Structure formats: C-alpha cells, structure tokens
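>>> Show me the folded form of this:
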Amino acid sequence: MILEDDLAAILSRQREIEEAKPTGLERKLDFNDILLESHALDITGVRRCGKSTVLRQRMRGEDAPWFYVNFESPHLTQFEMRDTIRLDSLIAKSGARRLFLDEVDQFEGWEKYVRQKLDEGFRVCISGSNASLLEGELGTKLTGRHVSRELFPFSYPEYLAFTGEGPGAASAAAYRHAGGFPRFLQTGEEIVLQELFDDIVYRDVIVHNRIRETSAVRELAAYLVENPGCRFTASRMLKPLNVASASTISQWCEWMQNAYLFFFVPVFADSAKARMLNPKKVYCVDTGMEYAVSSRRIPNDGARFENLVFLSLRRRFRDISYFAANGECDFVVKERHAVAGAIQACTRLTDDCKDREIEGLLAAMDACSLPSGTIVTEDQRDSLDFGGRRIEVVPYWDWCRR
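Predicted structure coming up:
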C-alpha cells in the first residue's frame, strides 16, 4: 500500500520531469479524435520507441488540464488495485479530466481501472510495451471502448525528418545501418541498443512471463537477432538450447513477438495447419539493433534489407506471409482478409538473381490472382511486363514514402 502523501510526491515529481522534456518529433497516429470522448486510446510498441513522447504530445496538444502517471517508475513497483482509491483522490484534487497512464500494464487490474475512469467520463490515453494490451487483456475488459494503435521505431520518412537528411539511396543506406530508435540516433552509441535489447529480453519477456530458463531464452534471442529473414522452427532449437519441448520454445517466441522484439512470418497457405507447421521467417524490430547486437560484424546486407522492407510493411499491415510454392516471394500482404500485394526484396537485380526474383514474384502473383507485383531494391527503377502481368521495380527510399 502507498500512502497518499507519498503517492502525491511521486506523481508531482513525474509531472515536473514531463513538463521539462521537449515534445520531440511529431508521431502521427491515424484515428478520429471524436472517438476519444468515449473510448480509451491505447498505444503499444517496443520499449523506447517513443510511446511516452506521443503521450507528451497529446498532453500539450490541448489547454485542458491533464494528469499523468508512469507506472514503470521504481517507486510504483508495489502499486496495486487498492491504491487506486488514493490515486482517484489526487486526480479529483487536480481537477483534470484527461488521464495519461504510461506503461499501465505494470500493475495488475489496470483494465478494470481504465474502464472505471471511462465510465466516469474521463478521457483516457494509455501505453504499454506488450501486444497483449491490444488483444486478450484489453479486449476482454474494454470491448468496444478502445482505439488501439501500434508505434514502432522511426520509419524512414520519420528518420529523414529527425536527421534532416534528404531522400535517396545514401540516406536509406544510413537508415538501414542505424535503425530508428530515437536515443541511438541522438548518441550514435551502440551500447544504447545493446542494453535496450537485453532490457527487453529480461524485463518484457523473462520477467513479464515469469520464465525460469533465463539462459536458454537469452540464447534464443541471440540466435534470432543474428538470422533475420531465415526460416525458423522451434524443433531445430531443442538440442542447442537443451530444452525438452518445442512447444516451450514456440511459447517463448510468441512472448518475444508480444514484446515487439521479433516478428514471425508464416508461409502463405489457405490451411491454418499448414501455416502452423511450416517454418516461419523471423525479423527483428529494428535493423540498427540487429547490427549492434549481432556478433556477426560482417553484415548480411541482403538479409538486413529484407528486414527493412518487412518493417515498412508491418507498419501498414498485420497479416503478412511469405510465398513458397513453385518459386519464392518474400512477402504477401493481406488487408481485410483479401490479398493486397506481393513484394520481393532484393538489394540489386543482377544477372545472377534476376530470373529467380522475378519468377518467384510471378508465381505469387498467379497464386493470388494479382495483376501486378513489386520488387523493392536499393536504387533501381524499372517497369516490366509479362503477358499483361506488371512488375514494378522501385527503390526502397521512394517506395516506403508512398
């Protein structure tokens, strides 16, 4: 239990810190503000990608008084549901009707509290570092009462706005190497990304899910970050990790994806069983983190470029798969259960790889009844026609800004 005077002192200090911070680069989230009169806005994403900055921008975007709580504070580690009585008292004294609850999933029972404040007529904005905020936990308690948005490290257009660089192959290459975590772009120190990686693995995966096999999870994370774009099966890792069950490793992978550290892309198939049983391709949340953490200091530019293209797609689509029948295509994306596009990632179309890349894309286009497809390259541009089927070859730096 936290005494009200102690809680007031903690939150007063948090507010002072927030008011002293700059609002940073504007991060645009697509939603209708009118909905927030009756719905909670919940923002999820990987740790340190800018969620608190978005809350800060919204706090200062209106003149109406606001009340802020950061539940990740070490002073609030013992905060529990019974302490919300004292929190309510402080909110009432402040006169604020807008609540900003940062890393709200750090205290058990937060879903009920958010629902209570919505019912009392408050406008509520919350953030969290776990995808379960969007799904099971939040959906159960706030069905029809929340607007959910995901936030990622800076996109390429945001990177350009942050650094002041212009669009083109050179800045795209720099972005691929640096990634989009704001703090690293400010400092250029790889230790920032290395410590962040360790922090996510430990706090958002191991501690959050009460995993006992700490060393095995760390080894799995180290393997995944060094193999972007590779096909992955849990059974293949049983012996290296000295784990008895593939289902245990699959569960760890799911928790890593919930923490937005890695994404696992299934094969394109109509059968749910086929999607589940076939290998998945793995991608890291940030190419800069991937380079900083990996022990492979000679980078695989093709794999990192594929990872970069995936991240651009993941910002727009949640349903992404890879095609592997009569050829291979890196990405097939769906929107509202309908195939919306087929995309191949290739740093440069050369005589050695051109036929393979084109044939794989055409196979995916035929299987999905698509009249056109896209090959994303570093800096090549072309338009190819194959009997009425069109393939656009486009530079990444142009494609991802469309």
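>>> can you map out the helices along the stretch 251-400 of the chain?
For the stretch 251-400 of the chain, helices defined by DSSP state H, counting those that start in this stretch occupy the ranges 272-277, 287-293, 301-314, 354-367, 396-399.
>>> just those: most buried one?
helix 287-293 (a mean of 24; mean count of other C-beta atoms under 10 Å). For every residue, glycine as well, the C-beta is placed using N, CA and C.
>>> Next, find the distance separating residue 324 from residue 39.
In this view, residue 324 and residue 39 are 40 Å apart by C-beta to C-beta, to the nearest Å.
>>> Apologies, that question was intended for residue 393.
Residue 393 is 42 Å from residue 39, by C-beta to C-beta.
>>> Any stretches of the stretch 101-250 of the chain with poor pLDDT?
Applying pLDDT under 70 to the stretch 101-250 of the chain flags residues 134-141.
>>> Just the strands from it, written as ranges.
Along the stretch 101-250 of the chain, the stretches classed as strands by DSSP state E, counting those that start in this stretch are 123-128, 146-151, 231-232.
>>> List the buried residues of stretch 265-273.
265, 266, 267, 268, 269 (16 or more other C-beta atoms under 10 Å).
>>> for it, how far is the first residue from the last?
14 Å (C-alpha to C-alpha, to the nearest Å).
>>> neighbouring contacts of that stretch?
274-276, 278-283, 310, 320-325, 331-332, 364, 367-368 (C-beta atoms under 8 Å, 6 or more residues apart in numbering).
>>> one more time with 10 Å, if that's ok
Under the contact criterion C-beta atoms under 10 Å, 6 or more residues apart in numbering, stretch 265-273 has outside partners 229, 231-232, 274-283, 310, 313-314, 319-325, 329-334, 339, 342, 364, 367-368.
>>> Can you say which of the residues you listed are buried?
For the contacts of stretch 265-273, buried by 16+ other C-beta under 10 Å: 229, 232, 278-283, 310, 313-314, 320-324, 329-334, 339, 342, 364, 367-368.
>>> Which ones among those map onto strands?
232, 280-283, 320-324, 329-334, 339, 342 (DSSP state E).
>>> and the residue nearest to residue 259 when sequence neighbours are not counted, what is it in contact with?
Leaving aside its sequence neighbours, residue 259 sits nearest to residue 204 (C-beta to C-beta, 6 or more residues apart in numbering; 3.9 Å). Counting by C-beta under 10 Å, 6+ apart, residue 204 touches 46, 47, 128, 129, 130, 255, 256, 258, 259, 260, 261.
>>> quick revisit: I'd like the buried residues of stretch 265-273 written out as TSV, with pLDDT and distance to residue 79 added.
TSV is the format used below for these (pLDDT from 0 to 100; distance: C-beta to C-beta, whole Å):
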residue	pLDDT	distance to residue 79
265	98	37
266	97	38
267	97	43
268	97	45
269	94	45
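>>> of all these, which two lie farthest apart?
With C-beta to C-beta as the measure, no two of the buried residues of stretch 265-273 lie farther apart than 265 and 269, at 12.3 Å.
>>> can you give me the helices for the stretch 1-150 of the chain?
In the stretch 1-150 of the chain, the helices defined using DSSP H, counting those that start in this stretch lie at 4-20, 51-59, 84-94, 110-119, 136-141.
>>> so which of these is the most packed in?
Across the helices of the stretch 1-150 of the chain, averaging neighbours per residue (mean count of other C-beta under 10 Å) puts helix 51-59 on top, at a mean of 20.
>>> got the contact list for that helix?
15, 18-19, 21-29, 33, 36, 41, 43-45, 50, 65-68, 70, 72, 98, 100-103, 123, 125-129, 149-151, 182.
>>> what's the domain layout of the protein?
Domain assignment for the chain, taken from automatic domain parsing, gives 4-151, 155-304, 316-402.
>>> just to revisit the earlier point, quick one: closest of the helices of the stretch 1-150 of the chain to residue 292.
Judged by C-beta to C-beta, the one of the helices of the stretch 1-150 of the chain that comes nearest to residue 292 is helix 51-59, at 21.1 Å.
>>> Could I get the average pLDDT for the closest one?
Regarding helix 51-59, the rounded mean pLDDT is 94.
>>> what angle sits between that helix and strand 146-151?
Going by axes from the mean of the first three to the mean of the last three C-alpha atoms, to 10 degrees, helix 51-59 is angled at 130 degrees with respect to strand 146-151.
>>> how far does helix 51-59 sit from the chain's center?
17 Å (C-alpha atoms, centre = their mean, to the nearest Å).
>>> ditto for stretch 166-185
Its chain's average C-alpha position is 17 Å from that of stretch 166-185, according to C-alpha atoms, centre = their mean.
>>> Kindly report the same for stretch 18-30.
Worked out by C-alpha atoms, centre = their mean, stretch 18-30 lies 18 Å from the chain centre.
>>> Kindly export that stretch (C-alpha atoms) in PDB.
What follows is stretch 18-30, C-alpha atoms only, in PDB (Å, rounded to 0.1, in the frame of the first residue of the first chain):
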ATOM      1  CA  GLU A  18       7.500  15.500 -18.100                       C
ATOM      2  CA  GLU A  19       6.900  19.300 -18.300                       C
ATOM      3  CA  ALA A  20      10.700  19.800 -18.700                       C
ATOM      4  CA  LYS A  21      11.000  17.400 -21.600                       C
ATOM      5  CA  PRO A  22      10.700  18.600 -25.200                       C
ATOM      6  CA  THR A  23       7.800  17.200 -27.200                       C
ATOM      7  CA  GLY A  24      10.100  15.800 -29.900                       C
ATOM      8  CA  LEU A  25       9.300  14.800 -33.400                       C
ATOM      9  CA  GLU A  26       5.600  14.600 -34.100                       C
ATOM     10  CA  ARG A  27       4.400  11.000 -34.400                       C
ATOM     11  CA  LYS A  28       1.200  10.700 -36.400                       C
ATOM     12  CA  LEU A  29      -1.400   8.100 -35.400                       C
ATOM     13  CA  ASP A  30      -4.400   7.700 -37.700                       C
END
